[in-house]
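A.B. asks: Based on what follows, work out the 3D shape:
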Amino acid sequence: TGSLNFGAGFSSVDSLIGFVELTQSNFDITNWPRFTGGGQRFRARVQYGTERKDFVVSLTEPYFLDYRLAVGGELFYHDANFLSTVYSQRNYGLSLFTRKGINQFLSWRLDYRVENINIYDLASDVSQEIEDEAGAKWKSQIGPTLVYDSRDSVFLTRRGSRVELASYIAGGPLGGDVQIYGLDLEATKYFLLPWDTILTLNG
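C.D. replies: Numbers count the residues shown, from 1 in each chain. Here you go, the predicted model:
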């Protein structure tokens, strides 16, 4: 039920990068020191390179209080200087979620995320707009999501579709320095063609 993955690579965006990831799909946070047997999902990932640094730890309880209600959280730290040639950006914080199935294909999810966003290491010739955004700001955001998923497989989908309607709002009564709201709609359709070829349309 557990796995350890690691690797290294090179890309034009990340330059040199390496990672190590530990996952356990039968985790039990209360079963010290073995931490297994509870059916929880645990993930820890460290990704380190010349252009980015990422640290993520997450835990999901798929049957909260013995109900078909998933509850989870994630601690994260991201530091990247490939986003722009004139500044670097550091994000760290916490996200919490709850998810429940409505029927075979439909589910809803509620997310809350609080993070610190820091724009730093500015070049001397940056625009005034970027200079105004420099420094650290707190963002407090909540968002409900509705998902329709009829895919035949999560790992190698050959047929079906997935539609996600997500809304979010940050600031206001939630606090923080960032005031923003929005609505996202994404849909993906899969078609199985001859010779096990899969056509994917995404919008």
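A.B. asks: How far away from the center of its chain is the helix or strand bottoming out on mean pLDDT in the chain?
C.D. replies: Scoring the helices and strands of the chain by mean pLDDT, DSSP states H and E places helix 128-133 at the bottom, with a mean of 87. Here helix 128-133 is found 27 Å from its chain centre; the criterion is Cα atoms, centre = their mean, to the nearest Å.
A.B. asks: Show residues contacting that helix.
C.D. replies: 86-87, 119, 122 (Cβ atoms under 8 Å, 6 or more residues apart in numbering). (C-beta placed from N, C-alpha, C; glycine too.)
A.B. asks: same thing but at 10 Å, please
C.D. replies: Under the contact criterion Cβ atoms under 10 Å, 6 or more residues apart in numbering, helix 128-133 has outside partners 84, 86-87, 89, 117, 119, 122-123, 126-127.
A.B. asks: need the next SSE after that helix, C-terminal direction.
C.D. replies: Next helix or strand after helix 128-133 toward the C-terminus (DSSP states H and E): strand 135-149.
A.B. asks: roughly how far out does that following strand sit from the chain middle?
C.D. replies: How far strand 135-149 lies from its chain's middle: 10 Å, per Cα atoms, centre = their mean.
A.B. asks: immediately after that strand, which helix or strand?
C.D. replies: Per DSSP H and E, the first helix or strand lying C-terminal to strand 135-149 is strand 160-170.
A.B. asks: can you state the direction angle for that following strand and strand 135-149?
C.D. replies: Here the directions of strand 160-170 and strand 135-149 differ by 150 degrees (axes from the mean of the first three to the mean of the last three Cα atoms, to 10 degrees).
A.B. asks: Mind giving me the packing neighbours of strand 160-170?
C.D. replies: Strand 160-170 makes packing contacts with strand 106-120, strand 135-149, strand 180-193 when contacts are defined by 3 or more Cβ pairs under 10 Å, 6 or more residues apart in numbering; DSSP states H and E.
A.B. asks: Kindly present these as JSON lines, with separate columns for distance to Asp79 and mean neighbour count.
C.D. replies: Output for these, formatted as JSON lines (distance: least, Cβ to Cβ, whole Å; neighbours: other Cβ atoms under 10 Å):
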{"stretch": "strand 106-120", "distance to Asp79": "9", "mean neighbour count": "16"}
{"stretch": "strand 135-149", "distance to Asp79": "13", "mean neighbour count": "16"}
{"stretch": "strand 180-193", "distance to Asp79": "22", "mean neighbour count": "13"}
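A.B. asks: mind giving me TSV with those strands and columns for distance to Leu201 and mean pLDDT?
C.D. replies: Formatted as TSV, the helices and strands packed on strand 160-170 follow (distance: least, Cβ to Cβ, whole Å; pLDDT from 0 to 100):
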stretch	distance to Leu201	mean pLDDT
strand 106-120	21	95
strand 135-149	15	96
strand 180-193	5	96
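A.B. asks: Next, format those strands as TSV and append distance to Phe19.
C.D. replies: Shown next, in TSV, are these (distance: least, Cβ to Cβ, whole Å):
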stretch	distance to Phe19
strand 106-120	21
strand 135-149	26
strand 180-193	26
